[in-house]
Each structure stands twice: as C-alpha cells, then as structure tokens.
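Trainee: Sequence plus predicted model, see below.
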Amino acid sequence: MTAIPQGDRQTFLVLLAEAFAPMTGLLTTFTVIGGLLALVVTRVDAPRQTVTIGCHYNQDGAWWLYNILTGKLIRPANDLSAAAHQIRNDMERESAA
C-alpha cells in the first residue's frame, strides 16, 4: 500500500486559492469535509453561488482538483492557473443561465 502525501493536498489547494487572488469578485475560504481540507470559492455578487473544491490522489499517482458536490474532475492539480480560470468561467456561465 502506497502512502498518500497529505501535505501535497494542502499545498495544491493553498496555491489554487492564490491563483484566484488577482480575480475580482471571488472570495476563497478553507473548510474541512470528511477530515480533508477543501477550498470554497464564492462569488461576491452572488454569495449563494459557491464551488467547493477538493484535491484527489489518482491511482496513476497524480493529484486532481475536483468539485466536491458533483464529483466532477476539473483539472490536474499541477495546472492551477488554468483550473482557477475554468472554475471562474463555469461560475460565470452558471450565473448567466
């Protein structure tokens, strides 16, 4: 059995929060769900619109960001800037619908 490096999960989520910093209109906070750290992204102009992001260690040995509510994979955790933009764009699309 391979040990999963839990510090990596925290590092990826903290760096993802930093990737949201230059984006206006979004607030990030951390929470713990099921004993694991998660990142909550909230639209300031629509506080009920949130996405809760987790970081999952894949069998292939890679970390992936995913939407905790839907279970949908977002992007590999080593692609943080693209993941932040994708999450923001998805939130904007949802609010326009």
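Mentor: All right, it came through fine. Residues are numbered from 1 along each chain as shown.
Trainee: Which other helices and strands does the longest helix along the chain contact?
Mentor: Longest helix in the chain by number of residues, with DSSP state H as the criterion: helix 80-96. In terms of contacts (3 or more Cβ pairs under 8 Å, 6 or more residues apart in numbering; DSSP states H and E), helix 80-96 is packed against helix 6-20, strand 36-43, strand 46-57, strand 73-76. The C-beta positions use only the backbone N, C-alpha and C, and glycine is treated the same way.
Trainee: Other residues contacting the first one?
Mentor: To tie it back to what came earlier, the one meant is helix 6-20. Contact partners of helix 6-20, identified using Cβ atoms under 8 Å, 6 or more residues apart in numbering, comprise 26, 28, 30, 36-39, 41, 53, 55, 57, 63, 65, 77, 80-81, 83-84, 88.
Trainee: Return the members of the residues you listed classed as buried.
Mentor: For these, a burial check counting by 16 or more other Cβ atoms under 10 Å picks out 26, 28, 37-39, 41, 53, 55, 57, 63, 65, 77, 80, 83-84, 88.
Trainee: hmm, back to that, please render the helices and strands packed on helix 80-96 as a markdown table that adds distance to residue 95 and mean pLDDT to the earlier fields.
Mentor: Listed next are those as a markdown table, based on distance: least, Cβ to Cβ, whole Å; pLDDT from 0 to 100:
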| stretch | distance to residue 95 | mean pLDDT |
| --- | --- | --- |
| helix 6-20 | 16 | 91 |
| strand 36-43 | 7 | 95 |
| strand 46-57 | 6 | 91 |
| strand 73-76 | 18 | 95 |
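Trainee: Redo the ones you listed as TSV? Include distance to residue 94.
Mentor: Output for the helices and strands packed on helix 80-96, formatted as TSV (distance: least, Cβ to Cβ, whole Å):
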stretch	distance to residue 94
helix 6-20	16
strand 36-43	9
strand 46-57	7
strand 73-76	14
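Trainee: Residue 93: which of these is closest?
Mentor: Distance to residue 93, taken as Cβ to Cβ, is lowest for strand 46-57 among the helices and strands packed on helix 80-96, at 11.1 Å.
Trainee: quick one: that closest one to helix 6-20, angle?
Mentor: 140 degrees (axes from the mean of the first three to the mean of the last three Cα atoms, to 10 degrees).
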